[in-house]
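> Pasting the sequence and the predicted model now:
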Amino acid sequence: MQTDVLAGSETPADSDKRSVELRYLTTHFKDLQGLRLAPMWTAVLILSCAALAVHRILLWQRATAAIAIVLVGFAALVWSNGWYDHHYGRVIRSKPMIASGFISILHPETRPGELQNHSAGFVTYILMALFIAPQLFHRFDGRFGSHFGMLCVIIFVVPRCLYSTTNNTLIRLRRVLSLAGATCVSAMYLCYLFALLGTWSYLAGVCAILLVLDLYDHWLFTRLLSGGPAERSYE
Amino acid sequence: MNDEEARMPEINRVVHEPARLAILTVLAACERADFLFLERAAGLTRGNLSVQLTRLEEAGLIEVWKTIERRRTLTTAALTDQGRDTLDAYWKTMEVLRTNASSSSRNSAKATQPPPLIPGKLSPTPG
């Protein structure tokens, strides 16, 4: 009888594989929603590339760019929160992923219980906006500008390296990309400190890496969500 | 039914169905999930998911709440303690079955294996 049951559905191995994917997807539900901050990285990246193309940028142009980035980033965050909720639903996590104090406070995925949805994401964004905006009004220097990249790595990239992975190749690739991204930003940080890299190049590099990581996260999110059998139960 | 089949543990039929197993797996990894996420994760239509949730709720494996939020009904589900125990027991059963299957296939492979050839000695040809 048992063999008939097994023959009529997925094999245990397949079922287990899908279960692993679903567990990871559910546990990292918010973490994998990479489009939340992607518009902000894109805006900063475009600004950096534009600044690289133009030799001299006036103060009012910097001010306009700073305001535009803050507004675009904030609007995108509000919109993406609603969009994800509307398209993919909601999951209330049972416990925080990382017990470490600093990362637990800052990372949007380490919020306890009911408060997890949006508030800490906004706090994280405001921290980032406050960090970027003043830099656009003043001349970048090693003291503040270089810290920006490392702050991004600590808040957005390091937690991805700390999470436990599974045997799934795509999930492992996420960690590999995160480690590679963290290494690249650290290398760029050193280059910037030793004046081997310009300010705008540094900023563009950091934002490009964060954008790639976030886009991969979103792709993985949709891939894991649609990876299961579609409409097989008719009982 | 031979002895080997008689020794096999019984599979929980409520859990051993891909869509229901997907629902239980999702709920086991979180405190609560809403209807839309379960629909996407399990790959079911709304009607079918509703049927599966009712089946699981009747079996006492999950709890379902319906609340009104922004003039819309928000359906959320959570795994009960019984559901968590049942899911754990299911995976243990599957592991036992997997072990039994692999050991029996190894035994049958040994039984059908030809006798080892002695080097330098030709096997007798028929006729």
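That came in fine, so what should we check first?
> okay, CA-based contacts and neighbour counts for the rest of this
Fine.
> Point out the residues in chain B that sit beside chain A.
Proximity of chain B to chain A is confined to B:5, B:8, B:10-11, B:17-19, B:22, B:25-26, B:28-37, B:40-45, B:48, B:52, B:94, B:98 under the rule Cα under 8 Å from any Cα of the partner chain.
> wait, is B:Ala78 part of a helix?
No - when classified by DSSP: H, G, I helix; E, B strand; the rest coil, B:Ala78 is found to be strand rather than part of a helix.
> Tell me the helix or strand right after the helix of greatest length in chain A.
For chain A, the helix that runs over the most residues, judged by DSSP state H, is helix A:59-88. Later in the chain than helix A:59-88, the nearest helix or strand by DSSP states H and E is strand A:91-92.
> now B:Cys30: how far from A:Gln33?
With distances taken as Cα to Cα, to the nearest Å, B:Cys30 is found 17 Å from A:Gln33.
> who's more crowded, these two?
Neighbours per residue, other Cα atoms under 10 Å in any protein chain shown: of B:Cys30 and A:Gln33, the larger number sits with A:Gln33, 23 against 20.
> any idea what sits nearest the more buried one, other than its immediate chain neighbours?
Residue nearest to A:Gln33 in three dimensions, not counting chain neighbours: A:His218, with 5.2 Å by Cα to Cα, 6 or more residues apart in numbering or on different chains.
> So which elements touch the helix or strand containing that neighbour?
A:His218 belongs to helix A:199-225 when assigned by DSSP H and E. Contact here means 3 or more Cα pairs under 8 Å, 6 or more residues apart in numbering or on different chains; DSSP states H and E; on that basis helix A:199-225 packs against helix A:12-27, helix A:38-53, helix A:142-152, helix A:169-193.
> rank those by pLDDT, which is bottom?
Lowest mean pLDDT within those: helix A:142-152, a mean of 64.
> what's the following helix or strand after that one?
Criterion used, DSSP H and E; the element after helix A:142-152 is helix A:158-162.
> okay, that following helix in PDB with CA atoms only?
What follows is the C-alpha trace of helix A:158-162 in PDB, where atoms were taken according to Å, rounded to 0.1, in the frame of the first residue of the first chain:
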ATOM      1  CA  VAL A 158      27.100  40.900   6.000                       C
ATOM      2  CA  PRO A 159      23.800  39.400   7.200                       C
ATOM      3  CA  ARG A 160      23.400  37.500   3.900                       C
ATOM      4  CA  CYS A 161      26.800  35.900   4.600                       C
ATOM      5  CA  LEU A 162      25.800  34.900   8.100                       C
END
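> Nearest the geometric middle of chain B, what residue?
In chain B, the residue lying closest to the centroid (Cα atoms, centre = their mean) is B:His16, at 4.5 Å.
> so is that one in a helix, a strand, or just coil?
With three-state DSSP as the criterion, B:His16 was assigned coil.
> Can you get me a residue count around the closest residue to it other than its chain neighbours?
Distances taken as Cα to Cα, 6+ apart place B:Tyr90 nearest to B:His16, at 8.0 Å, with adjacent residues excluded. Close neighbours of B:Tyr90, defined as other Cα under 10 Å, add up to 20.
> Low-confidence bits of chain A, can you list those?
Along chain A, the model assigns pLDDT under 70 to residues A:1-15, A:55, A:57, A:95-146, A:148-149, A:228-235.
> Distance check, A:Ala187 against A:Met150.
Separation of A:Ala187 from A:Met150 (Cα to Cα): 10 Å.
> One more: A:Phe194?
As judged by Cα to Cα, A:Phe194 and A:Met150 stand 15 Å apart.
> who has more neighbours, those two?
Here A:Phe194 and A:Met150 are compared on neighbour count by other Cα under 10 Å; more neighbours surround A:Met150, at 18 against 10.
> Would you check how far apart that one and chain B are?
In this structure, A:Met150 and chain B are 31 Å apart, going by Cα to the nearest Cα, to the nearest Å.
> ok, that residue touching A:Val185?
Yes - under the criterion of Cα atoms under 8 Å, A:Met150 lies in contact with A:Val185, with a separation of 7.2 Å.
> Where does pLDDT dip in chain B?
In the prediction, chain B carries residues with pLDDT under 70 at positions B:1-8, B:109-127.
> For the helix ranked longest in it, buried residues please.
Secondary structure of chain B per DSSP H: the longest helix is helix B:81-111. Taking 16 or more other Cα atoms under 10 Å in any protein chain shown as the neighbour-count basis, helix B:81-111 is seen to contain the buried residues B:Gly83, B:Arg84, B:Thr86, B:Leu87, B:Tyr90, B:Trp91, B:Thr93, B:Met94, B:Leu97, B:Asn100.
> Spatially, which residue comes closest to the third one, not counting chain neighbours?
Closest residue in space to B:Thr86, ignoring its immediate chain neighbours: B:Leu61 at 7.6 Å, by Cα to Cα, 6+ apart.
> For that neighbour, list the residues it contacts.
Counting by Cα atoms under 8 Å, 6 or more residues apart in numbering or on different chains, B:Leu61 makes contact with B:Leu79, B:Thr80, B:Asp81, B:Gln82, B:Gly83, B:Arg84, B:Thr86.
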